[in-house]
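[1] Build me a model:
(chains A and B, ligands or ions: 1)
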Amino acid sequence: MYTEKVMDHFMHPRNVGEIDNPDGVGQVGNPVCGDIMKMSLRIKDDRIEDIKFKTFGCGAAIATSSMVTELVKGKTVAEALALNNRMVAEALGGLPCKKMHCSNLAADALHAAIADYKEKQVQASR
Amino acid sequence: MRNVYLDHAATTAVHPKVLESMLPYLQDKLGNPSSIYSSGREAKAAVETARAQVAALINAQPDEIIFTSGGTEADNLALTGVATALSQQGRHIITSRIEHHAVLHTAEELERKGFQVTYLPVDPDGLINPDLLEQALTPETIMVSIIFANNEIGTIEPIDRLAKIAKKHGVIFHTDAVQAVGNIPIDVEELNIDLLSLSGHKIYGPKGIGALYVRRGMNIKPLMQGGSQERKLRPGTENVPGIVGLGKAAELARIELPARSAHLTELRDYLIDGVLSSIAHVRLNGHRTLRLPGNANFSFEFIEGESLLLSLDMAGIAASSGSACTSGSLDPSHVLMAIGLSHEVAHGSLRLTLGRENNKEDVDYVLSVLPDIVGRLRAMSPLTPAKEA
Ligand code: FES
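    All right, here's what the predicted structure looks like:
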């Protein structure tokens, strides 16, 4: 039911973990089946220098988390914000219909982490 | 890599002797049991032999066995057939919260048709309290349907006490015994069971065949109209190879039951003890001792069942889970909810069901790979407490 790419990211997930003293953290829960995804970022000169994830969820949830971190690492914050779930699913060679909601979660966690980063910047400049 | 099949509650491999018994009826023994020429009579005789074999497994009379397409049809026929026949006497049915969907969804359909259904709760081990059945009965109650042993958590219900209460009140008692038949001894006479559903492919028989035991004199209506096969309760030309296979499987189950049950119980306890002692933050779902010989069901905290199943599959192990992510509906198993698990804990459930061809080496193999798989997923989970990761 999963593509080879999904299974590869599931069995060998990239960027698992948590960044110490991150510049931004986002945690979102999946309202559909109750899964949880957490992303932490290190941002330098408006670029995502490092990103790590932790996920409680199905194979697709883990694979999409891993893929998101791979897709945005080294990208600018604006580029990362432009990432959507369709692009994540495409990069994985597609996801089963039933699992499309999991790919939302990964992009949502990333966007939440960026929002947290921006919030912190606003506070710092005050 | 070793391949270990641990999903016998889902389906089992056809026993070689069952296959052997079926082959002639897929090849040259082609007659229709309703025909009067010799191959027809031969097929008819084979069907009647199978009927006696199935009856013997549960201590019923051969004419009390109605062949169906499987456990689901047997459950549908039992509930809808009795409800339709007795709707003038009353419109209340009692069942439980941990039934198989074949009973649960049939009961819900009957509710839509104007029947009232009470769904009895279960305790944290999955047991139904007979007192609650007693209290739920009303003069309107026409039928009680309680699963003999649960397909997910393996808990064996106090069927003797439940059926006795139904009998005392003159209410028909049905049980879905699909998981129990062949694994634990069942005597419909001693237990006062009026209707019982069973399935071929759970007892090393073929898929697509099952049976409903219907006590003599029971008032029940068919689901389909057609010919006069199966006392008109199940019209249609008999699935002769399937019936012959089910008969043989039932015969083997009856003869081998004590040995099978002892073998499975030993492996099950070894598996349960091994998992509970080698992995932290794990709970056993279902009753510790009042459970099916081959059933083990665990919840591993902080991780999700589908990712567990995928990882086990990569290690050659076939298993199942009640996680929301594995169900089509994205809701966790209703059985795990009924025993009081939180969504998160139900999420991390793993069902391992042993069968006759499993051995100690299989369990050792599972015990050798499972802790690492659980550990790997826990290291990835945001729920895992920092000191555990
Ligand atoms: S996280 Fe539940 S289905 Fe993917």
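[2] Give me the contact status of stretch B:300-311 with chain A.
    Yes. Counting by CB under 8 Å from any CB of the partner chain, chain A is contacted by stretch B:300-311 at B:F302, B:I303, B:E304, B:E306, B:S307, B:L310, B:S311. (Glycine included, C-beta is placed from N, CA and C.)
[3] Could you report the neighbour count for the second one?
    Right, the one you point to is B:I303. 29 (other CB atoms under 10 Å in any protein chain shown).
[4] quick one: contacts for it?
    By CB atoms under 8 Å, 6 or more residues apart in numbering or on different chains, the residues touching B:I303 are A:F56, B:H347, B:G348, B:V374, B:L377, B:R378, B:S381.
[5] quick one: which of those residues is nearest to B:D75?
    The nearest member of the contacts of B:I303 to B:D75, counting by CB to CB, is B:H347 at 27.8 Å.
[6] Is it correct that the closest one is in contact with A:I36?
    No. Contact criterion CB atoms under 8 Å: B:H347 and A:I36 do not qualify, at 10.1 Å.
[7] which residues do those two both contact?
    A:F56.
[8] Those two: which has the busier surroundings?
    B:H347 (34 against 20).
[9] Phi first, then psi, for that one.
    Backbone torsions of B:H347, given as degrees, to the nearest 10, read phi -60, psi -40.
[10] ok so, going back, out of the residues of stretch B:300-311 next to chain A, which end up buried?
    B:F302, B:I303, B:E304, B:E306, B:S307, B:L310, B:S311 (16 or more other CB atoms under 10 Å in any protein chain shown).
[11] can you tell me which two in those residues are farthest apart?
    B:F302 and B:L310 (16.6 Å).
[12] Around chain A, which positions in the stretch 151-300 of chain B sit nearby?
    Looking at chain A, no residue of the stretch 151-300 of chain B is close enough under CB under 8 Å from any CB.
[13] Skip the chain neighbours and tell me the closest residue to A:V6.
    Spatial nearest neighbour of A:V6, chain neighbours left out: A:A63 (4.4 Å); criterion: CB to CB, 6 or more residues apart in numbering or on different chains.
[14] Tell me how far that neighbour lies from B:T265.
    For A:A63, the distance to B:T265 equals 39 Å [CB to CB, to the nearest Å].
[15] Look at the two and report which has more neighbours.
    A:A63 (32 against 17).
[16] Can you spell out which helices and strands pack onto the lengthiest helix in chain A?
    In chain A, assigned by DSSP state H, the helix with the most residues is helix A:100-125. Contact here means 3 or more CB pairs under 8 Å, 6 or more residues apart in numbering or on different chains; DSSP states H and E; on that basis helix A:100-125 packs against strand A:24-29, strand A:36-44, strand A:47-56, helix A:59-72, helix A:77-82, helix A:85-91.
[17] roughly how far is the fourth one from the heart of the chain?
    Put plainly, it is helix A:59-72. Distance of helix A:59-72 from the chain centroid (CA atoms, centre = their mean, to the nearest Å) equals 6 Å.
[18] likewise stretch B:168-185?
    On CA atoms, centre = their mean, the centre of stretch B:168-185 falls 11 Å from that of its chain.
[19] now stretch A:96-103
    15 Å.
[20] Stretch B:333-349 now?
    19 Å.
[21] Quick check: buried residues in it?
    B:333-339, B:341, B:344-349.
[22] for stretch B:154-161, same thing?
    Result for stretch B:154-161 [16+ other CB under 10 Å]: buried residues B:G154, B:T155, B:I156, B:E157, B:P158, B:I159, B:R161.
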